[in-house]
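Participant: Quick one, what's the 3D model for this:
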Amino acid sequence: MSRVAERDRLKPPRNSNQITPGIVRHNCNRHVRTHVLTDGASTRRIERGGRSLAEIMHAAVLHTLGKVPRYEEFPEPVAGDGEVIVHVHAAALKPVDKQLASGAHYASMRKLPLVCGSDGVGHLSDGQRVFFGGARPPYGAMSERTVVPRAFAFPVPENVTDETAAALPNPGVSAWLSLSYRAKLMAGENVLILGATGVGGKLAVRIAKLLGAARVVAAGRNQQILGTLNKHGADATICLDMPARELKDEFVRAAGESGFQLVIDYVWGRPAETFLDAITSKEFSVIKSETRYVQVGESAGPTISLRAAVLRSTALTMLGTGGIPPLNILVDAMQKVMSLAANGEVHVDTQRVPLSDIESAWEREQRGSRLVVRP
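Facilitator: Below is the predicted model:
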């Protein structure tokens, strides 16, 4: 068989979107392992032990859902229409990245292998530094290079470091959108943050105050971090680790006569059940104000038991974050959060780790800070 015929025989369908590993062929009397990548834009091969027909890079590659990604070689991305190549500087390791890789997230990819990481910071071919998201599968942010829609590459202010630019937007924009876009926080309202000791929760406390909240109560499980949240704008704190009966009483006490108009929930599970029990009326009463409850995360559990009495006795509106908002809303939130960072009004604690250490870093516990992976 001719070399051209052999090449065409190995080529996968043009519209597939996968890596086909382990195709073995003979070349100059040697076995050569070839990985074929078809990504909709081009078809390329990487040969082990022979001549390379395409460039390769290093990345955090996931082969099995629920397993740790590995530092290994991966085919270089090629940009299609409306896309750009990003030379990655840094990517934050976030809870959502681990959820996606575990298969537990509703948006977990099923076609493997793939590169982990949902967003990061890097530069384009023209030198512009950008925060990016939305990489085209199987590519991700934890790699030397990735490919994203041009519309999902946002300029980064000069005085914001790569570490901050990588770690801040995901939790910061999420907190901003949860408060202003979903819950529609108005100046003078009272806010409860469930899960306030995490990175996103701390930012939500700060941003709620910046948006004009009259009172912000921060509830979390990490006592040490709880003790620092007054510096972020918390007017009171609640430890979520106390017994349910005591926690319910704390919620009632913190709500007071005026109650909470907004709840931003990063934890769900038992703390959410206890709070909802605390606001359930035991008698017919006049509605004083509505509580808008935005569900963001599930670090305390993915499910709750919700009694009908909660919804019938209380003016309660329960919302989700709603996925990705319209682009103009997302761009505005990104600009607002980056401006706050540039002005020193919001901050994220970070720890730097090399991409080559991704396997050990993946299992590292993070308390109130973000690991930032550097290629």
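Participant: before we move on, which element is the most centrally placed residue in the chain in?
Facilitator: Central residue of the chain (C-alpha atoms, centre = their mean): residue 96, 4.6 Å from the mean position. If you go by DSSP states H and E, residue 96 is part of helix 95-102.
Participant: any idea how far the helix or strand that that helix is followed by is from the chain center?
Facilitator: For helix 95-102, the succeeding helix or strand toward the C-terminus, using DSSP H and E, is strand 114-115. Relative to its chain's centre, strand 114-115 lies at 16 Å (C-alpha atoms, centre = their mean, to the nearest Å).
Participant: just checking, what packs against strand 114-115?
Facilitator: strand 56-62 (3 or more C-beta pairs under 8 Å, 6 or more residues apart in numbering; DSSP states H and E). (Each C-beta comes from the backbone N, C-alpha and C, glycine too.)
Participant: buried ones in the strand it packs on?
Facilitator: By neighbour count on 16 or more other C-beta atoms under 10 Å, the buried set for strand 56-62 is 57, 58, 59, 60, 61, 62.
Participant: all helices for the protein, in order.
Facilitator: 3-10, 95-102, 162-167, 169-176, 199-210, 223-226, 244-255, 269-278, 308-313, 327-342, 358-362 (DSSP state H).
Participant: related to what we said a few turns ago, state the distance from the residue nearest to the centre of the chain to residue 299.
Facilitator: Taking C-beta to C-beta, to the nearest Å as the measure, residue 96 falls 11 Å from residue 299.
Participant: Equivalent analysis for residue 62, please.
Facilitator: Relative to residue 299, and taking C-beta to C-beta, residue 62 is found at 22 Å.
Participant: Output the buried residues of strand 56-62 as a markdown table; include the columns distance to residue 155 and pLDDT.
Facilitator: Listed next are the buried residues of strand 56-62 as a markdown table, based on distance: C-beta to C-beta, whole Å; pLDDT from 0 to 100:
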| residue | distance to residue 155 | pLDDT |
| --- | --- | --- |
| 57 | 24 | 96 |
| 58 | 27 | 97 |
| 59 | 25 | 98 |
| 60 | 26 | 97 |
| 61 | 29 | 97 |
| 62 | 30 | 96 |
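Participant: Could you identify the most distant pair in these?
Facilitator: Of all pairs drawn from these, the widest gap by C-beta to C-beta lies between 57 and 62 and measures 15.6 Å.
Participant: burial of residue 199, as a residue count?
Facilitator: 25 (other C-beta atoms under 10 Å).
Participant: try residue 357
Facilitator: 14.
Participant: cool, residue 107 as well?
Facilitator: 9.
Participant: Same check on the one 3 residues further on?
Facilitator: For residue 110, the number of neighbouring residues by other C-beta under 10 Å comes to 7.
Participant: With residue 320 instead?
Facilitator: Quick note: residue 320 (other C-beta under 10 Å) scores 10 neighbours.
Participant: Show me the beta-bridge partners of it.
Facilitator: residue 295 (DSSP bridges).
Participant: which residues does it contact?
Facilitator: 182, 294, 295 (C-beta atoms under 8 Å, 6 or more residues apart in numbering).
Participant: need these in TSV with pLDDT, distance to residue 241 and neighbour count, can you?
Facilitator: What follows is these, written out as TSV (pLDDT from 0 to 100; distance: C-beta to C-beta, whole Å; neighbours: other C-beta atoms under 10 Å):
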residue	pLDDT	distance to residue 241	neighbour count
182	96	28	20
294	97	23	23
295	97	21	20
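Participant: Specify which member of the residues you listed is nearest to residue 233.
Facilitator: residue 294 (18.1 Å).
Participant: how close does the closest one get to residue 369?
Facilitator: Taking C-beta to C-beta, one finds residue 294 at 24 Å from residue 369.
Participant: Report the spatially nearest residue to residue 324, omitting neighbours in sequence.
Facilitator: Excluding its sequence neighbours, the residue lying closest to residue 324 (C-beta to C-beta, 6 or more residues apart in numbering) is residue 330, at 6.6 Å.
Participant: And residue 205, how close does it get to residue 92?
Facilitator: Distance from residue 205 to residue 92, by C-beta to C-beta: 19 Å.
Participant: beta partners of the closest residue to residue 269 other than its chain neighbours?
Facilitator: Nearest residue to residue 269, sequence neighbours excluded (C-beta to C-beta, 6+ apart): residue 301, at 2.6 Å. On DSSP bridges, the residues paired with residue 301 through beta bridges are residue 268.
Participant: dump the residue contacts of residue 301.
Facilitator: Contacts of residue 301 (C-beta under 8 Å, 6+ apart): 267, 268, 269, 270.
Participant: Mind checking which of those are buried?
Facilitator: Buried among these by 16+ other C-beta under 10 Å: 267, 268, 269.
Participant: with those in mind, which one is nearest to residue 343?
Facilitator: Using C-beta to C-beta, the buried ones among the contacts of residue 301 come closest to residue 343 at residue 267, 29.7 Å.
Participant: hmm, back to that, burial measure for the residue nearest to residue 324, as a count.
Facilitator: 18.
Participant: how close does it sit to residue 91?
Facilitator: 19 Å.
Participant: same thing with residue 129?
Facilitator: 14 Å.
Participant: With neighbour numbers in mind, choose between these two.
Facilitator: residue 91 (31 against 19).
Participant: residues contacting the closest residue to the more buried one other than its chain neighbours?
Facilitator: Leaving aside its sequence neighbours, residue 91 sits nearest to residue 120 (C-beta to C-beta, 6+ apart; 3.3 Å). Counting by C-beta under 8 Å, 6+ apart, residue 120 touches 86, 88, 89, 90, 91, 92, 131, 132, 141, 142, 146, 166.
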